[in-house]
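Engineer: I'll drop the sequence and a predicted model, then ask my questions.
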Amino acid sequence: FGDARVRRDYFFTFATEFTVLASTVAVFRFAAVYWGTTGFGAYVLARRTLSLLELPLLLGMALAVARYTALASSTPASREDAGSYFAGALILVGASGGAACLALLIFARPLGFLLFGSTAYAGVVRSLSIAVPGIMLHTLAYAEYRGRVAMVPGNILQAINRAVAPVAVFALPGLTVGEAISVTGTLWLAVASVAIVRSLRRRPP
C-alpha cells in the first residue's frame, strides 16, 4: 500500500463496489414501488436468472482474460499477445452467448412458464436475450481492464453499467418489466462495446 497509485486503485475499487451494492438495493426498492408486488417478483426473478446464466456462458473467460492479459503485460516479449487473448475470449463467449440468446427467443413461451409460472412472461424471457450479451460483454471488458491494471477506467465502466444504468432505467415512465430489462441490456451493450473497441484499438489482436 506504499505506492500512491495502488492506494488510489484500492480506494476507487472499494468505493465502486459499495456504490454497486447500494445501487442494487435502490433498484429493488424502485422496482417494488414502480410495479408493485407482482412486477417486483418478476423483475427480481429476471435479474436472478440473468446472474445464473452469466457464469456458465462466460466459460471462465473473465478470469482467463484478467490473468493472461496481466501475464502478457508483465512480459515485454508477450505484450503483443494480450489483444489476441482478449479477442479469443470474445469469440468463444460470443458463440456461447449467441446460442443462449437464440434459445431464449425460440423457447420464450415455455421458458416463461418454467421460470415465471406463466407463458404471459415470454416477453420478459425475450428481454433477457438483450441483457445476457450486454452483461457478458461488460464482464469481459472489465476483466481486460483488470488485467492491464487500468483500474480507473475499469471502475468507471463498472460504476456506469452496474450502478448507474439499472437505476437510470426507472426514470423512464410506464415501462414493463421486460422493457426495463431490455433498456438496461441495451445500455450495457452500448457502454461495454465502446470499452471493448477502445481496448482492441490499444492492443490489436
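Structural biologist: Arrived safely.

Engineer: contacts and neighbour counts: CA atoms only from here.
Structural biologist: OK.

Engineer: Is residue 179 in a helix, a strand, or coil?
Structural biologist: helix (DSSP: H, G, I helix; E, B strand; the rest coil).

Engineer: Give me the pLDDT for the closest residue to it other than its chain neighbours.
Structural biologist: Counting by CA to CA, 6 or more residues apart in numbering, residue 179 lies nearest to residue 127, which is 6.9 Å off, once chain neighbours are set aside. Residue 127 carries a pLDDT value of 95.

Engineer: Touching, residue 127 and residue 182? I think so.
Structural biologist: Yes: contact status for residue 127 versus residue 182: in contact at 4.9 Å, counting by CA atoms under 8 Å.

Engineer: Just the CA atoms of the lowest-mean-pLDDT helix or strand in the chain, as CSV, please.
Structural biologist: Within the chain, confidence by mean pLDDT, DSSP states H and E is lowest for helix 61-74 among all helices and strands, at a mean of 88. Provided in CSV are the C-alpha atoms of helix 61-74 (Å, rounded to 0.1, in the frame of the first residue of the first chain):
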residue,chain,number,x,y,z
MET,A,61,-13.1,-16.4,-19.8
ALA,A,62,-13.4,-13.4,-17.5
LEU,A,63,-10.8,-14.9,-15.1
ALA,A,64,-8.7,-16.1,-18.0
VAL,A,65,-8.7,-12.7,-19.7
ALA,A,66,-7.6,-11.0,-16.5
ARG,A,67,-4.8,-13.5,-15.8
TYR,A,68,-3.4,-13.9,-19.3
THR,A,69,-3.6,-10.1,-20.0
ALA,A,70,-1.7,-9.5,-16.8
LEU,A,71,0.9,-12.1,-17.6
ALA,A,72,1.4,-10.8,-21.2
SER,A,73,1.6,-7.2,-19.9
SER,A,74,4.3,-8.1,-17.4
